[in-house]
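**Q** Got a predicted model here, sequence first, then my questions.
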Amino acid sequence: VRDGSPRDVYAASCQFSDYIRRRITGRSLDADEGSSEDGGASIWLAQRQGRTKDGYDQTEQGLLKMLDVSGKGSFADAFEELRIIPMSISYEYEPCGIQKAIECWRKANFGAYSKAEMEDVHSMLSGIMQYKGRVHITFCEPLNRKELETAASRDRNDRYRTLGEIIDKKILDGYYLWDTSRYATEMLANRKTNPEFEAFIEKEVSGIPKDCDNKAIRKNLLTIYAAPYLKKSGIKK
């Protein structure tokens, strides 16, 4: 629930959190604590709302707070019970890359971006259907007790930030770098690189609306591709 009063949003978060915990632990909705219905199930969660527009993903603290709402006992106990396994997915070619680059440019220049009706739906369909090249999936090491206790040792508000950083590092460490990310980094530095990738970028940029800044959007697109390489290399954008 994204809209509604704070009370409605909180109530929906509690309900969703309880559902997730019961599904993972295998406790039925009407079961006593500790009893098991089916041994639990896996639930896949996005680390943040929407999709990153610049290639720099971070786990939202609000998501972690929502998961913690239904926990019993300590902070570490509540998250240990969920058995969280971070996962990395990397594409050779970024779906909706040029659309993201244009949206970033519009926000930077006009302060906001008004989406057309059904634009999110079309973006999701494009993200599913568009060519991605090769795809790599990594199941990272689960969150362990030591990591959870490290987060738990922080002040209340810092706990979720610390836990998010631990998750983000696991995702980044498990992220497979395609050559396209390195090629984009070289192009941002105005160095010659793979001719096929250079041609691909120029073709993507050639189709943007005439009222847009071709050079700025080209840089945005390259930044999206280069972000994983820069992050894993420890280079700030």
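**A** Perfect, thanks for sending it.

**Q** Confidence-wise, which helix or strand of this structure is lowest on average?
**A** Using mean pLDDT, DSSP states H and E, the weakest-scoring helix or strand in the chain turns out to be helix 119-129, at a mean of 76.

**Q** okay, that helix in PDB with CA atoms only?
**A** Presented in PDB, the C-alpha positions along helix 119-129 are these (Å, rounded to 0.1, in the frame of the first residue of the first chain):
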ATOM      1  CA  GLU A 119       3.700   4.100 -18.800                       C
ATOM      2  CA  ASP A 120       4.800   2.000 -15.800                       C
ATOM      3  CA  VAL A 121       2.900  -1.000 -17.300                       C
ATOM      4  CA  HIS A 122       4.600  -0.500 -20.700                       C
ATOM      5  CA  SER A 123       8.000  -0.200 -19.000                       C
ATOM      6  CA  MET A 124       7.500  -3.400 -17.100                       C
ATOM      7  CA  LEU A 125       6.400  -5.200 -20.300                       C
ATOM      8  CA  SER A 126       9.400  -3.800 -22.200                       C
ATOM      9  CA  GLY A 127      11.700  -4.800 -19.400                       C
ATOM     10  CA  ILE A 128      10.400  -8.400 -19.700                       C
ATOM     11  CA  MET A 129      10.400  -8.600 -23.500                       C
END
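
**Q** And the contacts of stretch 161-170?
**A** If you take CB atoms under 8 Å, 6 or more residues apart in numbering as the criterion, stretch 161-170 is touched by 47, 57-61, 64, 79, 84, 86, 140-141, 143, 147-148, 150-151, 154. Using the backbone N, CA and C atoms, a C-beta is placed for each residue, glycine as well.

**Q** Narrow those residues to those in strands?
**A** With DSSP state E as the criterion, strands contain none of those.

**Q** Buried ones among these?
**A** Among the contacts of stretch 161-170, the ones that count as buried by 16 or more other CB atoms under 10 Å are 47, 57, 59-61, 64, 79, 84, 86, 140, 143, 147-148, 151.

**Q** now, which of the residues you listed sits nearest residue 107?
**A** Of all the buried ones among the contacts of stretch 161-170, residue 107 sits closest to residue 57, with 17.3 Å by CB to CB.

**Q** So which of the buried ones among the contacts of stretch 161-170 belong to helices?
**A** Using DSSP state H, the members of these that fall in helices are 61, 64, 79, 147-148, 151.

**Q** Tell me which residues are up against stretch 193-203.
**A** 93, 179-180, 182-184, 186-187, 218, 221-222.

**Q** still on that earlier bit, now flag whichever of the ones in helices among the buried ones among the contacts of stretch 161-170 is closest to residue 120.
**A** residue 61 (23.1 Å).

**Q** dump the residue contacts of the nearest residue to residue 231 once chain neighbours are set aside.
**A** Nearest in space to residue 231, with sequence neighbours left out and distances taken as CB to CB, 6 or more residues apart in numbering, is residue 172 at 5.8 Å. By CB under 8 Å, 6+ apart, the contact set of residue 172 is 88, 228, 231-232.

**Q** can you list those in TSV and add secondary structure, neighbour count and distance to residue 104?
**A** Formatted as TSV, the contacts of residue 172 follow (DSSP: H, G, I helix; E, B strand; the rest coil; neighbours: other CB atoms under 10 Å; distance: CB to CB, whole Å):
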residue	secondary structure	neighbour count	distance to residue 104
88	strand	18	23
228	helix	24	17
231	helix	19	17
232	helix	14	21
